[in-house]
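Engineer: after the sequence you'll find the predicted model.
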Amino acid sequence: MSDLETPAADMMRDQSSGDATPETLRLEESQPGPDPDNPGTAPDTTLGHQRIAGLGSPVSDPVWDDAERVFAECCRLIGRLREQTARGLSLIATHYLRERHRWADFLAERGVVVPRYGPRPSSQFHAVCRHFLRVGAGGDRTGYAGKLAAVLDEWHRAHETISPEQLPVWIEACGGIEHIYQASRCAATAAS
């Protein structure tokens, strides 16, 4: 048998050939297998690894691992964003209680722009929420300033029982900003 006819030569030829069809896994080989360290438990699919039948060790997928890291960071940042937003609303509420007797003037002194055209916002907090979200007098495409203003409106109705310092805890206890906003919309619809 010549060097060109050996199994090793066949493998070399398969690896170097650009038109060689890559070998694919059978269905049962591509499914996660049992964890060899914990027989009888569910397959481990949480870390971006696939267990290849017969090998018993995970095959790493760097793209999957990277996606998991990115989304874990997003989840952490979203949680932090919720905390910071609630804290920001608490600070607006603190300013409001301190300056409520001259709220419009206070906002004007701080450069908060109130839109001159279009419908007037129903919330006295809408302009300041737009200001802090850097929306200004332009269009709020996401409507988030309106949601934050609705939360402050609900707080304002109950500010005798909820201090600005308690606002973040109250928001969380009510199910979050979106839930408070939706509840306020339902209440407004029912009242009209």
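Structural biologist: Arrived safely.
Engineer: show me the domain layout of the chain.
Structural biologist: Here the domain parsing of the chain from automatic domain parsing is 25-60, 65-191.
Engineer: quick one: which helix or strand includes the nearest residue to Glu178 once chain neighbours are set aside?
Structural biologist: Once flanking residues are discounted, Glu178 sits nearest to Lys147: 6.8 Å by Cβ to Cβ, 6 or more residues apart in numbering. Bear in mind the C-beta positions are built from the backbone N, C-alpha and C, glycine included. Assigned by DSSP states H and E, Lys147 falls within helix 144-157.
Engineer: returning to that earlier point: mean neighbour count, the domains of the chain: which tops it?
Structural biologist: domain 65-191 (a mean of 15; mean count of other Cβ atoms under 10 Å).
Engineer: now the strand or helix carrying Arg69: average pLDDT?
Structural biologist: Applying DSSP H and E as the criterion places Arg69 in helix 62-99. Mean pLDDT, helix 62-99: 93.
Engineer: and if you look at stretch 145-160?
Structural biologist: Stretch 145-160 comes out at a mean pLDDT of 92.
Engineer: from here on, call the first residue 47.
Structural biologist: Noted, 47 is the first residue going forward, which turns the last one into stretch 191-206.
Engineer: then that stretch to CSV, C-alphas only?
Structural biologist: Provided in CSV are the C-alpha atoms of stretch 191-206 (Å, rounded to 0.1, in the frame of the first residue of the first chain):
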residue,chain,number,x,y,z
ALA,A,191,-41.6,60.4,29.2
GLY,A,192,-45.4,60.0,29.4
LYS,A,193,-45.0,56.7,31.3
LEU,A,194,-42.7,58.3,33.8
ALA,A,195,-45.0,61.3,34.1
ALA,A,196,-47.9,58.9,34.8
VAL,A,197,-46.0,57.3,37.6
LEU,A,198,-45.3,60.7,39.1
ASP,A,199,-49.0,61.6,38.7
GLU,A,200,-50.0,58.5,40.6
TRP,A,201,-47.4,59.3,43.3
HIS,A,202,-48.8,62.8,43.5
ARG,A,203,-52.3,61.5,44.2
ALA,A,204,-50.8,59.5,47.1
HIS,A,205,-47.9,61.8,48.2
GLU,A,206,-49.4,62.3,51.6
